[in-house]
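> I would like to see how this sequence folds:
(one chain, ligands or ions: 1)
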Amino acid sequence: MTDKYFYVTTPIYYVNGEPHMGSAYCSLACDIMARFKRLDGYQVKFLTGTDEHGLKIFQAARDRGIEPQAFCDEISQKFRDLIPVMNLSVDDFIRTTEARHKRAAQALWAKLADRGDIYLSKYSGWYAVSDEAYYTDEEIITNDKGEKIAIASGKPVEWMEEESYFFRLSAFQDRLAEYFSAHPEAIGPKSRFNEIMSFIKSGLQDFSISRTTFSWGVPVPGDEKHVMYVWFDALTNYLSALGYPDTTPEMQNFWPETLHIVGKDIQRFHCVYWPAMLMAADLPVPKRVYSHGWLMAADGRKMSKSFGNFLVPEDFIDTYGLDQTRFYLLRDLSFGQDGNIGHDGIQRRKNELANDFGNLAQRVLMFIFKNNEARLPKITNLTADDQALLEASGIVLLETCRKHIDLQEFHLMLEAIWMVIRQANAYVDTQAPWGLKKTDTVRMETVLGVLCETVRRVAILCQPYMPDSCGRMLDQLMVAADKRNLADVSNEIGLEQGAVIEQPQGVFPRHVAVEAPA
Ligand code: ME8
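Residues are numbered from 1 along each chain as shown. A predicted model of the protein is given here:
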């Protein structure tokens, strides 16, 4: 049993609309982290779920004319349905309307209240329901229709005044600044670190954490006319799923071996409010929070449920394939930055997969099937060229991938793998194994063997991105199910030399343009 633990979480998605490419993108990145770490010998817990309280959800249910719980049940299920559609290796799905979550949120509240970090006061300010956030006078403007809107989100705001509990965030300013100065790796990408540090240093205000104007929320312990502010409740989900407040084995093992992946719009909640709440509860701060960029829509705005300008994963999966979609999203975009997605892009990347990786594997395996009695080749007497390729695809590549994955540099990891794939394709051209068939079959076998070994290693490393396709490629290479871990990528030859293969089937087809009907 391993003693390495890794806990990766998506944000819990609001159930005010159905899942779209933006939610799929974040969940997919978490899935790649989870799969990579499992292959690297970690015990992994991959958590996702839905955020179901607050005024926004209450109003969405009312607009549909159904009870909030029934509304949440229906939309939450759609997020659950995304799991098989995207082949996400989720271990747990949390809903904030579940008893285990309410219990955890109330326990955390009670702990903070006991310590004197929660107090009752009055709140007034500009509230944007769709952001579930208050804004100051400076943070709003009047638009050309005469409506007051939040500058940051463009969403309408209204004046609200209510009795509210506050969390004493101001008391944690110095501790947060000290903590992050000592642990810069706790916030990624690097560019976001400075943003958070200057926000902390600009002075933290206590923030309102309860509401009395509606009741769709977790009741505040000891004062049931208040419900918790949805963000207080929501952030706690990461602990609820581990069994907090009990000292469960999951709490002990997975906290704080945690990576929260979130959109950049909610990094402040995760990098300032959440760590302060944890510090107040005497709990350690998550190892890392990574804020990714946005998928932008063709209209130049963020793809979002409230703008209704989004694509859904099926728009790509049905046309181009699931693994192609997974590959495309993380290969084409730089994860920390905003980016556009579209049909031209995915067609190009699907063909890159087919031409570079698929074609390499398919022509080598087909040649072996036809010309080497379908036996995986024997590798003998390595030349400098052989060694160069084997070294490039061994430990060096594995270490590069580990480094990129730990920084959530998915596109750089794939680029590093692609450099090896390109090197392998160049090696095919220079070694011309097809010609050796007539002149030197021993050398031919070595060249084909080095290529199969390279494909084996690359397929192992690409499994987190394209689990199904790489699995099929490894099947064709006769790689046993228990020999597909990252530890099986080394400078040693792992190929089952001499094993008999079945007729190879192409794993990565090219994109075929469908003619418009005449
Ligand atoms: O913020 N591009 O939920 P949410 C990329 N419930 N990612 C996008 C995206 C886009 N266009 N649109 C959405 C919430 N996302 C809270 C979170 S966590 C304790 C509570 C992704 O449904 C992005 O990761 O509005 C964002 O953080 C997430 O969807 C949740 O958005």
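> Can the helix or strand where residue 423 lies be said to contact the ligand?
Remark: residue 423 resides in helix 410-431, with elements defined by DSSP states H and E. No - against the ligand, helix 410-431 shows no contacts by Cβ under 6 Å from any ligand atom, the least distance being 13.7 Å. C-beta: built from backbone N, CA, C; applies to glycine.
> number of nearby residues for the residue in the stretch 151-300 of the chain that the ligand sits nearest to?
Nearest to the ligand in the stretch 151-300 of the chain, going by Cβ to the nearest ligand atom, is residue 263, at a distance of 2.7 Å. Counted with other Cβ atoms under 10 Å, the burial measure for residue 263 works out to 19 neighbours.
> Ok, the one 10 residues further on next?
Burial measure for residue 273: 21 neighbouring residues, criterion other Cβ under 10 Å.
> same question, residue 471
Burial of residue 471, expressed as a neighbour count using other Cβ under 10 Å, amounts to 17.
> got the phi/psi numbers for it?
Here is the backbone geometry of residue 471 (degrees, to the nearest 10): phi -60, psi -40.
> I figured it hits residue 463, correct?
Yes - Residue 471 is within contact range of residue 463, at 6.9 Å (criterion: Cβ atoms under 8 Å).
> list residues touching both of the two?
residue 484 (Cβ atoms under 8 Å, 6 or more residues apart in numbering).
> count of neighbours near the closest residue to residue 340 other than its chain neighbours?
Nearest residue to residue 340 in three dimensions, chain neighbours excluded: residue 296, at 5.2 Å (Cβ to Cβ, 6 or more residues apart in numbering). Counted by other Cβ under 10 Å, the residues lying close to residue 296 total 16.
> same thing with the one 5 residues further on?
The criterion is other Cβ under 10 Å. On that basis, residue 301 has 12 neighbouring residues.
> Could you measure from it over to residue 307?
As for residue 301, its distance to residue 307 is 6 Å (criterion: Cβ to Cβ, to the nearest Å).
> Also residue 325?
Plainly put, residue 325 is 22 Å away from residue 307 if you go by Cβ to Cβ.
> quick one, which of the two is more surrounded?
Comparing residue 325 with residue 307 by neighbour count (other Cβ under 10 Å), the higher total belongs to residue 325, at 25 against 12.
> Helix or strand: which one has that one?
Element membership of residue 325 [criterion: DSSP H and E] is helix 322-332.
> right, is that helix up against the ligand?
No - contact of helix 322-332 with the ligand (Cβ under 6 Å from any ligand atom) is absent, the minimum separation being 10.0 Å.
> Could I get the buried residue list for that helix?
Of the residues in helix 322-332, those buried by neighbour count under the rule 16 or more other Cβ atoms under 10 Å are 322-332.
> what's the angle between it and helix 410-431?
Here helix 322-332 runs at an angle of 100 degrees relative to helix 410-431 (axes from the mean of the first three to the mean of the last three Cα atoms, to 10 degrees).
> now helix 322-332, how far from the centre of its chain.
Between the mean C-alpha location of helix 322-332 and the chain-wide mean there is a distance of 13 Å, by Cα atoms, centre = their mean, to the nearest Å.
> What helices and strands are in contact with that helix?
Helices and strands touching helix 322-332, by 3 or more Cβ pairs under 8 Å, 6 or more residues apart in numbering; DSSP states H and E, are helix 21-39, helix 68-86, helix 313-320, helix 343-352, helix 410-431, helix 467-476.
> tell me the mean pLDDT for it?
Throughout helix 322-332, pLDDT has a mean value of 97.
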